[in-house]
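A.B. asks: got a sequence here, can you model it:
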Amino acid sequence: MRAYAGALVHCDVAVKQMILAIDEHTPCIVMDLDETHVLVNTKMLDTLLEMLETEVRFGTS
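C.D. replies: Below is the predicted model of the structure:
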């Protein structure tokens, strides 16, 4: 058994899909919990937030 430091992210389904897409090329998810919750590596949280902001602002992936 391994322990990971993670941040619980609660979001709507659309944002969750963006997080899953980002995770494909920049691994950041520790565990996918359900439709609106995901556990994210705390070391990657700032990077993930920046990437989400860029995605929302410019629509690039």
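
A.B. asks: now the helix or strand of the chain with the lowest mean pLDDT, how far from the centre of its chain.
C.D. replies: Across the helices and strands of the chain, mean pLDDT, DSSP states H and E gives its lowest value to helix 45-58, namely a mean of 93. Per C-alpha atoms, centre = their mean, to the nearest Å, the displacement of helix 45-58 from the mean C-alpha position of its chain is 10 Å.

A.B. asks: give me the contacts around it.
C.D. replies: With contacts defined as C-beta atoms under 8 Å, 6 or more residues apart in numbering, helix 45-58 is touched by 7, 15, 18-19, 22, 26, 28, 40, 60-61. All C-beta atoms are positioned from the backbone trio N, CA, C, and that covers glycine.

A.B. asks: what's the farthest-apart pair in these?
C.D. replies: 7 and 60 (24.2 Å; C-beta to C-beta).

A.B. asks: and these two? which has more neighbours close in?
C.D. replies: residue 7 (15 against 7; other C-beta atoms under 10 Å).

A.B. asks: all strands of the chain, in order?
C.D. replies: Taking DSSP state E, the strands of the chain run over residues 6-10, 29-34, 37-41.

A.B. asks: centroid residue for this structure?
C.D. replies: By C-alpha atoms, centre = their mean, the chain has its centre lying nearest to residue 19, at 3.9 Å.

A.B. asks: what sits against the closest residue in space to that residue that isn't next to it in sequence?
C.D. replies: The spatial neighbour of residue 19 that comes closest, neighbours along the chain excluded (C-beta to C-beta, 6 or more residues apart in numbering), is residue 38 at 5.9 Å. Contacts for residue 38 (C-beta under 8 Å, 6+ apart) come out as 8-9, 11, 16, 19-20, 29, 31-32.

A.B. asks: perfect, that will be all.
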